[in-house]
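*Asks:* Here is my input; please provide its structure:
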Amino acid sequence: MEQNKRIVWPMDEPVLRTVVTTFNAPETKLLVNVFSFPKVFYALAGLQIFVGAMSQMGRKKAFIITDKGVKELARIVEKALKGVGIETEIADDVEPEVPLHVPERIAKKIGAMNPDLIVAVGGGSVMDTAKVAWILYEVPDANLTAIDPLKPLGLRKKALLACIPTTAGTGSEATNVAVVHDETVSPPRKQGVVHPELYPDFALLDPRFIVRMPRDLTIGTALDALSHAVDCFLCRSSNPISDALAIKATKMVINYLPLVLERPSNLQLRLRTQVAALIAGAAFSNGGIGTTHALAHNIGTIFGVHHGMACGVTIPYVIKFYSEVDDKYMLLAEELGLKNNTGEILQQLVAYFKNFLRRVGAPTTLKELGVEENSFQRNLDVFTRYAVMDPTGPMAPRQPTFEEMRELIENMYYGRL
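*Replies:* Reported below is the predicted structural model:
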């Protein structure tokens, strides 16, 4: 791909954004809806059951995609696959944030092996890289920046995709989205390659693969899952199935993250955070996600902040932002056991999430995230523009103007709630 040529992504087009907004309206979802989910293997025997299933399905060659940080975990998967007679090869050159040249390079390696199974072992960047490389392996002439989710893509003619997360947050093992970096603009933008065929065929959750996550990564990835769940529940594009999963995921993160931080080596608790991340991913992939990620995508790329920590900061502010046009927050408050007898329910709900962030030691403002004020002010306009343009926008219950988004961002920086 030409490095200096400006990319025009599908969701940059105002007409398509309007179509997506309309298509995801509750009235349209009453007419037609689909819910997709991978087959899930989980718990301590999950890996053995997974490789046995792959052998029974007649898989012969597996290409494993990982990064150097978790390659030892990929070696565990490799050994298990070889144990049932499946030939393997590993690529460990995934880079953070998924610059498009990386999956293009990996796709060439996949093509040289010609596997019938692709296995991603890693965090969100690894799984998203695997999805994009899978597309290019199956459809070598695919234009990643112009994939039409309404047209068949033609995956699975060569290989199936399995995702084994080594974090508990992104939910990419259960989504039809690969988040990539568009480096043709400065600062870079996060974009999504989206297609209904992009759901992994299999997801494997093994708590031993995440038990060594350090505290900050444990918090950040869990907050990513929490933002998926909360935002999805509040989105206009949600549905009853995504609502059920989103509420369950919200409660699981709130209940189990503090316990995991107290007992990080407890595999049962770790597994519960993995399940929360999976079902939160399935919820937002089928029910939509909005302004939390329109903001967090750009906090990360512009200011170099961890995506999950950026997600956590947005939650209280986005709840209040949505409340000005939609009252579904009242159902969320009810699900969380908040009563309207000790104060205004919106204030209670916002305080509930802000207090939770404090409880787990997470920042509650962009300033607390370490964003310097001079840098914030210098980048405020581009941050606002990117957030308004973000591909998640059409799913949100509120479609903000530039001025409204700018005010929201300033509120997040200075802690105005």
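*Asks:* C-alpha from now on. contacts and neighbour counts both.
*Replies:* Fine.
*Asks:* Pull the distance from stretch 261-275 to the chain's centre.
*Replies:* How far stretch 261-275 lies from its chain's middle: 20 Å, per C-alpha atoms, centre = their mean, to the nearest Å.
*Asks:* average model confidence for that stretch?
*Replies:* In this model, stretch 261-275 carries a mean pLDDT of 98.
*Asks:* Give me the buried positions along that stretch.
*Replies:* Neighbour-count burial for stretch 261-275, counted by 16 or more other C-alpha atoms under 10 Å, picks out L261, P264, S265, L267, L269, R270, L271, R272, T273, Q274, V275.
*Asks:* Identify all contacting residues around stretch 45-61.
*Replies:* With C-alpha atoms under 8 Å, 6 or more residues apart in numbering as the test, stretch 45-61 has contacts from 41, 77, 80-81, 84-88, 114-117, 204-206.
*Asks:* actually stretch 360-372, not the one I wrote
*Replies:* With C-alpha under 8 Å, 6+ apart, stretch 360-372 has contacts from 219, 257-258, 261, 303, 305, 309-310, 312-313, 354, 357-358, 373, 412-415.
*Asks:* can you give me the offset of it from its chain's centre?
*Replies:* Computed by C-alpha atoms, centre = their mean, the chain-centroid distance of stretch 360-372 equals 21 Å.
*Asks:* mind starting the numbering at 655 from now?
*Replies:* I'll keep to 655 as the first residue from here, and by that count the last item is stretch 1014-1026.
*Asks:* related to what we said a few turns ago, JSON lines for the buried residues of stretch 915-929, including distance to Y976 and secondary structure?
*Replies:* Shown next, in JSON lines, are these (distance: C-alpha to C-alpha, whole Å; DSSP: H, G, I helix; E, B strand; the rest coil):
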{"residue": "L915", "distance to Y976": "31", "secondary structure": "helix"}
{"residue": "P918", "distance to Y976": "35", "secondary structure": "coil"}
{"residue": "S919", "distance to Y976": "38", "secondary structure": "coil"}
{"residue": "L921", "distance to Y976": "37", "secondary structure": "helix"}
{"residue": "L923", "distance to Y976": "32", "secondary structure": "helix"}
{"residue": "R924", "distance to Y976": "32", "secondary structure": "helix"}
{"residue": "L925", "distance to Y976": "32", "secondary structure": "helix"}
{"residue": "R926", "distance to Y976": "29", "secondary structure": "helix"}
{"residue": "T927", "distance to Y976": "27", "secondary structure": "helix"}
{"residue": "Q928", "distance to Y976": "28", "secondary structure": "helix"}
{"residue": "V929", "distance to Y976": "27", "secondary structure": "helix"}
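*Asks:* Dump those residues into CSV; add distance to I718 as well.
*Replies:* Formatted as CSV, these follow (distance: C-alpha to C-alpha, whole Å):
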residue, distance to I718
L915, 31
P918, 28
S919, 27
L921, 25
L923, 27
R924, 24
L925, 23
R926, 25
T927, 24
Q928, 21
V929, 23
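*Asks:* closest to L1062 among those residues?
*Replies:* Nearest to L1062 among the buried residues of stretch 915-929: T927, at 29.8 Å, using C-alpha to C-alpha.
*Asks:* check contacts around the closest residue to R1039 other than its chain neighbours.
*Replies:* Distances taken as C-alpha to C-alpha, 6 or more residues apart in numbering place F1056 nearest to R1039, at 6.9 Å, with adjacent residues excluded. Counting by C-alpha under 8 Å, 6+ apart, F1056 touches T1038, R1039, V1042.
*Asks:* What segments of the stretch 955-1071 of the chain are strands?
*Replies:* Taking DSSP state E, counting those that start in this stretch, the stretch 955-1071 of the chain contains no strands at all.
*Asks:* brain fart, the stretch 755-904 of the chain
*Replies:* Under DSSP E, counting those that start in this stretch, the stretch 755-904 of the chain gives strands at 771-776, 814-819, 831-836, 843-848, 856-859.
*Asks:* Just put these in CSV and tack on distance to L1000.
*Replies:* Below are the strands of the stretch 755-904 of the chain laid out as CSV (distance: least, C-alpha to C-alpha, whole Å):
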stretch, distance to L1000
strand 771-776, 38
strand 814-819, 35
strand 831-836, 32
strand 843-848, 31
strand 856-859, 36
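*Asks:* weakest of those in terms of mean pLDDT?
*Replies:* Set side by side, the strands of the stretch 755-904 of the chain differ in mean pLDDT, and strand 843-848 is lowest with a mean of 84.
*Asks:* Identify the residues contacting that strand?
*Replies:* By C-alpha under 8 Å, 6+ apart, strand 843-848 touches 663, 786, 798-799, 801, 803, 830-837, 951-952, 955, 1040, 1044-1045.
*Asks:* So which of the strands of the stretch 755-904 of the chain is nearest G942?
*Replies:* When the strands of the stretch 755-904 of the chain are compared by C-alpha to C-alpha, strand 831-836 sits nearest G942, at 11.2 Å.
*Asks:* picking up where we left off before, which ones among the contacts of stretch 699-715 lie within helices?
*Replies:* Taking DSSP state H, the ones among the contacts of stretch 699-715 that sit in helices are V731, A734, L735.
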